[in-house]
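give me the fold of what follows.
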Amino acid sequence: MNDQPRLHAIERGGGDRPPLVFLHGFDGRAEVFDPLAEAFAAEGRRCLAFDLPGHGRSRDYPGFGPPKVAARAVIAEMRRRGIDAAHVVGHSMGGAVACLMALFEPARVSSLTLLAPGGFGPQIGVEPIRRMMEAETEEDRVAALRGMMAEGSTLPGGALQGLNDCDARDQVRHVFHLLFSSGRQGVLPLDAVAETKIPIELLWGEADPVTPVAQSENLPAAFAVRRLAGVGHMLAFEAPGETRAAVARAISRAEPG
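Next up is the predicted model:
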């Protein structure tokens, strides 16, 4: 087992209750969830934020690119760490990965909190993603990140730490080509996700330029949807209180009483 590939994770907190697993979006890394994970860790919840295959310190993970690979990699890492089940929080591409985890091994997913997830419709804002991928300087990266947020949003301190490494451009371009080169994205079997009976909280910014908010409409009833006015794609940055509340709702639905 020692020669098996591993995913990097930032782990904090502890306790006997099911932990929280955080999955970042395309061209991101585990640090994007630092404030949220720290808040739940302070409440006595074990929290693990992963660098997904092809990103951050998992950029050389074998076969990286397809969300299916990422979903199976996270499940395998949970198994290695002795985690029978976890509350899974996924942003953008990480939301699609979280849904696939629920399909592959529903017993390992206590709840889903999906933040502007990928895979809910074929339309995708490719240009904001491309601008982030091609950003070379810190100024470029700040501008690209602001381009994913609603106009007038405040960029929190340390936000750039949640972005993928600049020296991992080859891996990022590979993932981009697999997922978005056609100008569209793959679509998840949302009815099958709903049929898992896992509690699902869905949070979406109405000013999202990457994953269109219209994709949050006409979903199966299992998806508890909340839309936020004046919020773009980066929910953890733009609406940290609402994001934390969505995770708390998912946990409380899965752990009544």
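
for the rest of this, base every contact and every neighbour count on C-alpha atoms.
Noted.

which residues of this protein score low on pLDDT?
Within the chain, the ranges that satisfy pLDDT under 70 run 1-2, 257.

so which residues of it form helices?
34-42, 67-80, 93-104, 126-134, 138-146, 169-180, 190-195, 235-238, 240-254 (DSSP state H).

to residue 4, which of the ones you listed lies closest?
Closest of those to residue 4 is helix 67-80, at 9.7 Å (criterion: C-alpha to C-alpha).

now the closest one, how far from the chain's geometric center?
Relative to the chain's own centre, helix 67-80 is displaced by 14 Å; criterion: C-alpha atoms, centre = their mean, to the nearest Å.

show me what that helix is packed up against.
helix 93-104 (3 or more C-alpha pairs under 8 Å, 6 or more residues apart in numbering; DSSP states H and E).

contact partners of the helix it packs on?
Residues from elsewhere that reach helix 93-104, judged by C-alpha atoms under 8 Å, 6 or more residues apart in numbering: 23-26, 67-68, 70-72, 75, 88-90, 108-109, 112-119, 188, 192-193, 196, 198.

just to revisit the earlier point, and the helices of the chain, which is most packed in?
Burial of the helices of the chain is given as mean neighbour count (mean count of other C-alpha atoms under 10 Å); helix 93-104 ranks first at a mean of 26.

just the angle between that helix and helix 169-180, please?
Orientation check (axes from the mean of the first three to the mean of the last three C-alpha atoms, to 10 degrees): helix 93-104 against helix 169-180 gives 60 degrees.

so how far is residue 42 from residue 244?
Counting by C-alpha to C-alpha, to the nearest Å, the separation of residue 244 from residue 42 is 13 Å.

skip the chain neighbours and tell me the closest residue to residue 198.
residue 111 (5.5 Å; C-alpha to C-alpha, 6 or more residues apart in numbering).

related to what we said a few turns ago, of the contacts of helix 93-104, buried ones?
23-26, 67-68, 70-72, 75, 88-90, 108-109, 112-119, 188, 193, 198 (16 or more other C-alpha atoms under 10 Å).

before we move on, back to that, which of the contacts of helix 93-104 fall in strands?
Taking DSSP state E, the ones among those that sit in strands are 23, 88, 89, 90, 109, 112, 113, 114, 115.

among the helices of the chain, which is nearest residue 203?
That would be helix 240-254 among the helices of the chain, by C-alpha to C-alpha, at 7.2 Å.

centre of the chain to that closest one, how far?
15 Å.

mind giving me the packing neighbours of it?
strand 86-91, strand 109-115, strand 200-205.

dump those into TSV; add distance to residue 142 as well.
Formatted as TSV, those follow (distance: least, C-alpha to C-alpha, whole Å):
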stretch	distance to residue 142
strand 86-91	19
strand 109-115	21
strand 200-205	20
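
doesn't residue 202 make contact with the residue nearest to residue 198?
No - counting by C-alpha atoms under 8 Å, residue 111 sits too far from residue 202 to count as a contact (11.1 Å).

of the two, who's got more company?
A direct count of neighbours by other C-alpha atoms under 10 Å for residue 111 and residue 202 places residue 111 higher, at 30 against 23.

tell me the spacing between that one and residue 96.
Between residue 111 and residue 96 the distance, using C-alpha to C-alpha, works out to 14 Å.

same question, residue 75
Using C-alpha to C-alpha, one obtains 14 Å as the distance from residue 75 to residue 96.

out of the ones in strands among the contacts of helix 93-104, the closest to residue 34 would be?
Scanning the ones in strands among the contacts of helix 93-104 for proximity to residue 34, where the rule is C-alpha to C-alpha, the winner is residue 23, at 11.6 Å.
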